[in-house]
Structures are given as C-alpha cells and as structure tokens.
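**Q** Quick one, fold the following:
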Amino acid sequence: MQNTTIKGFLYAALSSSTFGLAPFFSISLLVAGFSSFEVLTYRWGIASLILAIAGIILGERFRITGKDWQTVFILSLFRATTSFSLVIAYQNIASGVASTIHFMYPLAVALTMMLFFKEKKSFSILFAVFISLIGAALLSSGEIDFKGGDTATGLIAAAISIFSYGGYIIGVRKSRAASIPSTALTCYVMGFGTLFYIIGGCLTDGIRPATDGHAWLNILGLAIPATAVSNISLVKAIKHVGPTLTSIFGALEPLTAIVIGCCVFKESFTWSSAIGIALIVTAVTVVILHENGTGKVRKNPTSSAYNPR
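**A** Model (predicted):
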C-alpha cells in the first residue's frame, strides 16, 4: 500500500473521530439557550480564524483565482447546509437517530461516483458501505422522539444533510477545488459559511456575545477539534484516497460518540453497541484490504492530472 493511501486513511480516521465530538458540544450550547445560527457562527468563525493563522504561520498558499472563488462559494453552500441541517435535526429528533440518517451519505457518494463519474463498481466497496451503515445504525440507536421537537422537520433536515454532505465530498475531488491547497480551501469554505450564518442570525434573533466561561469551553471544543481539525483532515483525506473511501470512514464518527458517552457520561455499553463497533471495524478492514489487494494508487491531487481544465 502506497504511503499516500496510508496517509489518506489516517486523515479520514482523524476527520471522522473528531467530527464525532460535534453533537455533544452543539447540544450543550443549544440547551444553554444559543440559537442554531449563534452556535454555527461561533463554530465556523473561530475555526476559520484558527486555520487562517495556522496557515500563515506554516507558510501555506492562500491565493486562488476568480474561478476558484466560484467553486469555493458553491462548496461552502453544500457544507454550510450540512451543519445547519444537522443542528436543526438535533433540535427535533434524537441525536442518535439524526446521526444514523446522516451516515447514509457514504451510500449516496458511492452510488453517485459509480453512476455519474464512472468509478469502477466494486462489490467490496459496496459491501463495506452496507455494513458500515448497519454498524452506524446500531451505535446510534435510540428513540426517534425528542421532547418539544417536530419529528417531520427533524427527519427532513437529517435527510438534507445526506445529500449536501455527499455533494461537498464529491465536489472537493471532482472540481477545481482539487488544486486548491487544503488549508486555504477549508478556511475559505468556513469563512463563507460564517457569513451565511451571521446573515441568518441578523435576520432572526441576532448574534449575542458569549460571556459564560463554560459556554466558551463548549464553543472552543466545537470550533477546534470538531470543526477545524475535522474539516482540514477531511479535505486531505479526499485528495489522497477519494470521496468514496473517505465517506466510508465517516462511520467511525458514532464510535467516537460511544467512547465519550461511556467514559465521560457513564452511559451503558450494550450488545448492539458492541456489534456496531465490530461491523464498523470490519468495514474499515475491508476497505484497506481492497486497496492493498488492487494496489490502486491515487495520484497527487496537485499534479497536472487533477488540475482543472
């Protein structure tokens, strides 16, 4: 297995595990009285600022062309829609149910790549997608009802997140974004998203300054590991191993939730949780063995093969 593929798997695992922290910090802020737009404004605003500072310190290239800006803007719409849809889902249905529905995006990505981008059909990949979805469902099992929420709204919002996130993953690999440095792309996408949320907040209840220390701990937890780290890792993973394999690793996100729930919140560990973890580990193993067996090597996304026409 080539080093670039191994790096891609590691980036994908890092992205999914850190993104799995998002529901905990988001729900904590929502319960504390923050609106959806406030939560997302703080989350994306701080994350984009951190990425910008880190990129400058590391000497990353941030200059992009006019056509690149159009691509970044479209990708930011997909990504911002995903986060907003999930927050709405968390407010209306059980977070486990919302996560289960969201984790159907690997299937959407795989089928889209096969149908519209002529990616070679593979039984191993489809099998991995299938069992990873079952594993995610078992890990995120729970009651669908959420006190005071509207079930239909929650289900629709979670379903929207499937297609918006799938579109973002595919867009990163199959558009001009493939030639944009990962740090710059992630920073700009989140920067646009922050503007969208600020506008939404101003059109509703406004954006209040956060003054509580505990709230800031949740904001920083949401902005740094669950957003900045997860998003930059996601982009790097997609560029190394492609959208289909990256999306399958997304099933590791509920695994993070289970570990935190057991260790921090003393939640029970059931047989369904154990089976779910086993299925997810199996899915990841199938993907790695498939890549190793075929000897498939992804070209460097910054090479001429990936430069936009």
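**Q** which parts of stretch 149-157 are buried?
**A** Neighbour-count burial for stretch 149-157 flags 149, 154, 155, 156, 157 (criterion: 16 or more other C-beta atoms under 10 Å). (Each C-beta comes from the backbone N, C-alpha and C, glycine too.)
**Q** tell me how far that stretch is from the chain's mean position?
**A** The chain centre lies 20 Å from the centre of stretch 149-157; the measure is C-alpha atoms, centre = their mean, to the nearest Å.
**Q** With only the CA atoms kept, save that stretch in CSV.
**A** C-alpha atoms of stretch 149-157 as CSV (Å, rounded to 0.1, in the frame of the first residue of the first chain):
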residue,chain,number,x,y,z
GLY,A,149,-39.4,18.8,18.7
ASP,A,150,-41.2,18.3,15.4
THR,A,151,-40.4,14.8,14.1
ALA,A,152,-41.1,15.5,10.4
THR,A,153,-38.8,18.6,10.5
GLY,A,154,-36.0,16.7,12.1
LEU,A,155,-36.2,13.8,9.6
ILE,A,156,-36.3,16.2,6.6
ALA,A,157,-33.3,18.1,8.0
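**Q** now do the same end-to-end measure for stretch 238-253.
**A** In stretch 238-253, first residue to last residue: 16 Å (C-alpha to C-alpha, to the nearest Å).
**Q** Rounded mean pLDDT for it, please.
**A** The average pLDDT within stretch 238-253 is 79.
**Q** wait, doesn't residue 216 sit right on residue 210?
**A** Yes. Residue 216 is within contact range of residue 210, at 5.9 Å (criterion: C-beta atoms under 8 Å).
**Q** got the contact list for residue 56?
**A** By C-beta atoms under 8 Å, 6 or more residues apart in numbering, the residues touching residue 56 are residue 62.
**Q** Am I right that it falls within a helix?
**A** Yes. Under DSSP: H, G, I helix; E, B strand; the rest coil, residue 56 sits within a helix.
**Q** Look up how far residue 65 lies from it.
**A** Relative to residue 65, residue 56 is positioned 20 Å away (C-beta to C-beta, to the nearest Å).
**Q** same check, this time on residue 283
**A** For residue 283, the distance to residue 65 - C-beta to C-beta - is 38 Å.
**Q** which of those two has more neighbours?
**A** Legend: neighbour count by other C-beta atoms under 10 Å for residue 283 and residue 65, higher for residue 283 (26 against 12).
**Q** From what I see, that one and residue 131 are in contact.
**A** Yes. Contact status for residue 283 versus residue 131: in contact at 5.0 Å, counting by C-beta under 8 Å.
**Q** Phi and psi next, for residue 121.
**A** phi -70, psi 130 (degrees, to the nearest 10).
**Q** again with residue 58
**A** According to degrees, to the nearest 10, residue 58 has phi -90, psi 0.
**Q** so what's it up against?
**A** Neighbours of residue 58 in contact, by C-beta under 8 Å, 6+ apart: residue 183.
**Q** again with the one 4 residues further on
**A** Residues near residue 62 by C-beta under 8 Å, 6+ apart: 52, 55, 56, 181, 183, 184, 187.
**Q** And the fourth one, how far from residue 173?
**A** Think residue 181. For residue 181, the distance to residue 173 (C-beta to C-beta) stands at 15 Å.
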